[in-house]
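Peer 1: Predicted model follows, preceded by the sequence.
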2 protein chains.
Amino acid sequence: MNIQTSEPANEERYIGIGELARESGCKPETVRYYERIGLLPSAPRNEGNQRRYTTAAVRRLTFIRHARDFGFSVEAVRELLQMADQPTMPCDEVDTLAKRHLAEAEARLARLTAVRDELQRMINQCAGGNVGHCHIIDVLSDHRLCKQTGPHGGAEALR
Amino acid sequence: MNIQTSEPANEERYIGIGELARESGCKPETVRYYERIGLLPSAPRNEGNQRRYTTAAVRRLTFIRHARDFGFSVEAVRELLQMADQPTMPCDEVDTLAKRHLAEAEARLARLTAVRDELQRMINQCAGGNVGHCHIIDVLSDHRLCKQTGPHGGAEALR
DNA sequence: CTTGAACCTCTAGTCGCTACAGGTATTACG
DNA sequence: CGTAATACCTGTAGCGACTAGAGGTTCAAG
């Protein structure tokens, strides 16, 4: 498994940024953005200054997109790429990174679950009527009406 | 329950932005930001141009923070405030807004759960060794190694 | 009266893209 | 071969929801 961007073998097919984007499931703007921030190496250009890519770039970009889909931050992806680029390295660090990410996902999950439960509770208790007696408004107005003691952290759960 | 910002009754105590922030659980910068974007009305100023608040502002800001904690967007909070400001209105719209938000929370929850499971799976299958044979790297490189068929949407789950 | 904390405005930075505007290159068709 | 549609280029600005800092003013305590 090689996700490095290597120089093309003879006769290898070159593709443009549009096709690269299509094949790896993102947009050309995003590809250029990844190049700008250094996730992708600067692509070689043809005579008309357009970027040309090989299948190595498709693999690297696919890796990036997939890691992003898993919710890894761009910085984490950068680290993962560096690790993947050194196949002889022990994979402890990869493991650590993944576990930390898992822990964060679980924390978000817990917060989000609490928020969901509280939302459900307050919706169920709304008897309908007018806003002056709306349970939803009441709960939002007064944290003591929540089962939870701490802040919900719904906003933080979304980061 | 009145969360409107009304003019202070005679002899009502005024507080500064710092105390307001402390009492409602956010930072002074955030308070000014909320004023700037119109979630909070422009606060009256003392002679030295500093904002003075009453308990009505504490209530309003607490409502805002609480709704934000529930993950409601600032725009949704704006709508909720408008509704809460009209206590005689029927609360159908509040209900609708809350239910829509609940549905979104549940969707995010589902995506995040899927991501969590896949992360767990790939961490459990990592035998340790070097990066060249690391299962985590392999899964990130090749979506077909995931149980899931579609994209994970981990990044989207975080919005 | 002095010191230090709290406050003021304005601007820019965060993250991860996305969307222009205004131009050039390539490609397909007639 | 000419033209038109498409793809590409760079650079900049915008999103959401704050947060941080610079550089200055005002307040409260001693």
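Peer 2: That came through fine. Numbering: from 1, shown residues only, chains lettered A, B, ... in the order given.

Peer 1: neighbours around the closest residue to DNA strand D within chain A, how many?
Peer 2: Residue of chain A nearest DNA strand D, by CB to the nearest atom of the strand: residue A:18 (2.2 Å). C-beta: built from backbone N, CA, C; applies to glycine. Using other CB atoms under 10 Å in any protein chain shown as the criterion, residue A:18 is surrounded by 11 other residues.

Peer 1: So is the longest helix anywhere in chain A next to DNA strand D?
Peer 2: As assigned by DSSP state H, the longest helix anywhere in chain A is helix A:92-124. No. Judged by CB under 7 Å from any atom of the strand, helix A:92-124 stays clear of DNA strand D, getting no closer than 14.2 Å.

Peer 1: quick check: mean pLDDT across that helix?
Peer 2: The predicted model assigns helix A:92-124 a mean pLDDT of 94.

Peer 1: Counting by contacts, list what that helix packs against.
Peer 2: helix A:74-84, helix A:135-141, helix A:154-157, helix B:92-124, helix B:135-141 (3 or more CB pairs under 8 Å, 6 or more residues apart in numbering or on different chains; DSSP states H and E).

Peer 1: let's go with 10 Å and repeat that
Peer 2: helix A:74-84, helix A:135-141, helix A:154-157, helix B:55-69, helix B:92-124, helix B:135-141, helix B:154-157 (3 or more CB pairs under 10 Å, 6 or more residues apart in numbering or on different chains; DSSP states H and E).

Peer 1: export those to a markdown table and tack on mean neighbour count?
Peer 2: Converted to a markdown table, those look like this (neighbours: other CB atoms under 10 Å in any protein chain shown):
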| stretch | mean neighbour count |
| --- | --- |
| helix A:74-84 | 18 |
| helix A:135-141 | 23 |
| helix A:154-157 | 21 |
| helix B:55-69 | 22 |
| helix B:92-124 | 18 |
| helix B:135-141 | 23 |
| helix B:154-157 | 20 |
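
Peer 1: Out of these, the one nearest DNA strand C is which?
Peer 2: The closest of those to DNA strand C is helix A:74-84. By CB to the nearest atom of the strand, the value is 3.4 Å.
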